[in-house]
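Asks: Here is the input, now give the coordinates:
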Amino acid sequence: MDENLWSMHREAAEGNLDAVRQFIANGASVSEHDNSGLFPLLLAARYGHCEVVTALITAGADINAVTSVGISPLIAATEQGDPAIIDALLAAGARVDTVEHAEQVSALMWAAHRGHVGAVERLLAAGASPVLKAIDGRLALDWAADAGHAEVV
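Replies: Alright, predicted model coming up:
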């Protein structure tokens, strides 16, 4: 991976909006994956940097890109439960029922497991399926109940 791509990834993960905008202005790829399958939009979503997420979406980042194991920016955002990032991704057309490959866990399941009520509500309103099953047969409801999140249940 070249130095500019690595730097763009680092700045996105750290939420450095000015640096990310500079990389974009200089023609850096906003969707290129690094050697481990990560990409700027996923990193900004995972670490809760909404302004960077918005800048990357505006610059044409692939909203539905996934890592080699199937983690999408929406799944990464729901793990953290940031409603503004979830709203931005959904508004940009993120596929609401994308699942990671190994365990077939959806964004809704992650949000339910983590107890993020707002994220669960947003995903359901966007059409997330509450009847998708993970590889172990559990639903989002099961994930919430197993984790003791009564409000999500």
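Asks: just checking, what's the longest helix in the protein?
Replies: helix 3-14 (DSSP state H).
Asks: and that one, what does it pack onto?
Replies: helix 17-25, helix 40-46, helix 50-58 (3 or more Cβ pairs under 8 Å, 6 or more residues apart in numbering; DSSP states H and E). Placement of C-beta: from N, CA and C, glycine included.
Asks: Residue 67: which of the ones you listed is closest?
Replies: Nearest of the helices and strands packed on helix 3-14 to residue 67, taken as Cβ to Cβ: helix 40-46 at 6.6 Å.
Asks: Report the distance from the closest one to the chain centre.
Replies: 7 Å (Cα atoms, centre = their mean, to the nearest Å).
Asks: OK, contacts around the nearest residue to residue 82 once chain neighbours are set aside?
Replies: Excluding its sequence neighbours, the residue lying closest to residue 82 (Cβ to Cβ, 6 or more residues apart in numbering) is residue 48, at 5.0 Å. Residues near residue 48 by Cβ atoms under 8 Å, 6 or more residues apart in numbering: 15, 80, 82, 85.
Asks: got a pLDDT number for the third one?
Replies: In this case it means residue 82. At residue 82, the predicted lDDT confidence score is 91.
Asks: Counting neighbours, what do you get for it?
Replies: 23 (other Cβ atoms under 10 Å).
Asks: same deal with the last one?
Replies: Here the number of neighbours of residue 85 (other Cβ under 10 Å) works out to 27.
Asks: What of the first one?
Replies: By other Cβ under 10 Å, 17 other residues sit near residue 15.
Asks: Please tell me the pLDDT value assigned to the residue nearest to residue 82.
Replies: Per the predicted model, pLDDT is 96 at residue 48.
Asks: how about it, secondary structure?
Replies: Taken by DSSP: H, G, I helix; E, B strand; the rest coil, the conformation at residue 48 corresponds to coil.
Asks: Kindly report the same for residue 77.
Replies: From three-state DSSP, the assignment for residue 77 is helix.
Asks: Run the chain-centre distance for the longest helix of the chain.
Replies: For helix 3-14, the distance to the chain centre is 17 Å (Cα atoms, centre = their mean).
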